[in-house]
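Student: Return atomic coordinates for the entry below.
(4 chains)
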Number of protein chains: 2
Amino acid sequence: MTKQARQFAIKELIAARPIGSQETLRRELGKRGFRVTQATLSRDMNDLGVSRTMQGGMPRYAIPSAAGMTALSPLVGAEVVSIDANESLIVVHTLPGCANTVGEFIDVRRHPDIIGTVAGDNTLLVVPISTKKTSHVMQFLKHTLIEGAA
Amino acid sequence: MTKQARQFAIKELIAARPIGSQETLRRELGKRGFRVTQATLSRDMNDLGVSRTMQGGMPRYAIPSAAGMTALSPLVGAEVVSIDANESLIVVHTLPGCANTVGEFIDVRRHPDIIGTVAGDNTLLVVPISTKKTSHVMQFLKHTLIEGAA
DNA sequence: CATGATTCTGTATATTTATGCAAGACAAAA
DNA sequence: TTTTGTCTTGCATAAATATACAGAATCATG
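Tutor: Predicted structure coming up:
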């Protein structure tokens, strides 16, 4: 029952259902075998950068998407927020100011199906050699940037 | 000293500086002539949908990004020079150095048909989720950027 | 093993936020 | 004017969250 495992469970729970208080969260975690106090959860919230909002009198916790990713892969891919594509282009979202780094990281690999990359501030455009190769490149990127970090 | 005026001031304050508690906010508002109690602010937070996050032991309020950006609408429109597209990309020309601002402005809208944006100096690339959606996105951008939508 | 440094956690409590209730302000209808 | 209803607010307090402190647990080193 590591701290890491617990915080992962917290992210899952918060993302899945409307959790409104640390006490509620504590009970849900209890069902899953994590027995901790509210104080610990308060610290976890801090670590995870979770935010709390009131809406129509109902409180609700939410994970900032970027923070979620960051916590997931503390290593190389920590800067990558998301990877999406249309038929002919792939867009990698990164933390602010990190697109350049990620772009160079990809360039160095010299993947044969990637023509090149263009980096903005927090967005990286990856151009595949052919629309037919787009999904291949997607897989490559997800593997390299996300799984590769863990 | 309307409720409306007060809530507007709250948005400004929260956007401008790191406000960590309703009590702090109350004092700041006091300096500006809004004398209210913490209870009222708690209700305002609910109305505005403001969220609170702990980071490194320091609390901080934040406005859901779209709400904060709304005020910028008229300014952004002035920066846009032209909007063009081919089948798979949309190019927004802006005044020199403004592409970044316009890009962020579009990003926070989180339009479902927009995968992402890449900003250069005076040129902004907008990537639609599909070539079929390009014209839709064009319309959205023209409406949002030029006519200055709410 | 012993020592010290570091991390993690619970307890108790301080701090902060949310809310039930009643009072005041205002508007529309009688 | 009086009545009725809606809206907003403050007061007092309940509810929720953060934190100082001390006790374990973990780990690297001598």
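
Student: Contact partners for residue A:23?
Tutor: residue A:38 (C-beta atoms under 8 Å, 6 or more residues apart in numbering or on different chains). Backbone N, C-alpha and C define where each C-beta goes, glycine included.

Student: Buried residues of the helix or strand harbouring it, list them for me.
Tutor: Using DSSP states H and E, the element containing residue A:23 is helix A:22-31. By neighbour count with 16 or more other C-beta atoms under 10 Å in any protein chain shown, helix A:22-31 contains the buried residues A:22, A:25, A:26, A:28, A:29.

Student: With stretch A:7-24 instead?
Tutor: Judged by neighbour count (16+ other C-beta under 10 Å), stretch A:7-24 contains these buried residues: A:7, A:9, A:10, A:11, A:13, A:14, A:19, A:22.

Student: Report whether the helix holding residue A:23 contacts DNA strand C.
Tutor: No. Using C-beta under 7 Å from any atom of the strand, helix A:22-31 stays clear of DNA strand C, with a minimum separation of 9.3 Å.

Student: The helix or strand following that helix vs helix A:22-31, what angle?
Tutor: Counting by DSSP H and E, the next helix or strand C-terminal to helix A:22-31 is helix A:38-48. Here helix A:38-48 runs at an angle of 100 degrees relative to helix A:22-31 (axes from the mean of the first three to the mean of the last three C-alpha atoms, to 10 degrees).

Student: chain center to the helix or strand following helix A:38-48: distance?
Tutor: Next helix or strand after helix A:38-48 toward the C-terminus (DSSP H and E): strand A:51-55. Here the centre of strand A:51-55 is set off from its chain's centre by 20 Å, with C-alpha atoms, centre = their mean, to the nearest Å.

Student: now the angle between helix A:38-48 and strand A:51-55, please.
Tutor: Using the same axes, to 10 degrees: strand A:51-55 against helix A:38-48 is 100 degrees.

Student: Tabulate the CA atom coordinates of strand A:51-55 in PDB.
Tutor: Only the C-alpha atoms of strand A:51-55 are listed here, as PDB (Å, rounded to 0.1, in the frame of the first residue of the first chain):
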ATOM      1  CA  SER A  51      -8.600  21.500  -7.700                       C
ATOM      2  CA  ARG A  52     -11.900  21.800  -6.000                       C
ATOM      3  CA  THR A  53     -14.900  23.600  -7.400                       C
ATOM      4  CA  MET A  54     -18.400  24.400  -6.100                       C
ATOM      5  CA  GLN A  55     -21.100  24.100  -8.600                       C
END
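
Student: How about residues contacting that strand?
Tutor: Strand A:51-55 is contacted by residues A:45, A:59-64, B:45-46, B:49-53, B:62, B:64 when judged by C-beta under 8 Å, 6+ apart.

Student: Check whether the nearest residue to residue A:18 once chain neighbours are set aside sits in a helix, strand or coil.
Tutor: Excluding the flanking residues, the one nearest residue A:18 by C-beta to C-beta, 6 or more residues apart in numbering or on different chains is residue A:60, at 5.2 Å. Of the three states, residue A:60 takes strand under DSSP: H, G, I helix; E, B strand; the rest coil.

Student: Let me know the distance separating residue A:60 from DNA strand D.
Tutor: According to C-beta to the nearest atom of the strand, to the nearest Å, residue A:60 stands 10 Å off from DNA strand D.

Student: give me the beta-bridge partners of that residue?
Tutor: When assigned by DSSP bridges, residue A:60 has beta-bridge partners residue A:53.

Student: show me what contacts residue A:91?
Tutor: A:83, A:84, A:85, A:123, A:124, A:125, A:126, B:115, B:116, B:118, B:127.
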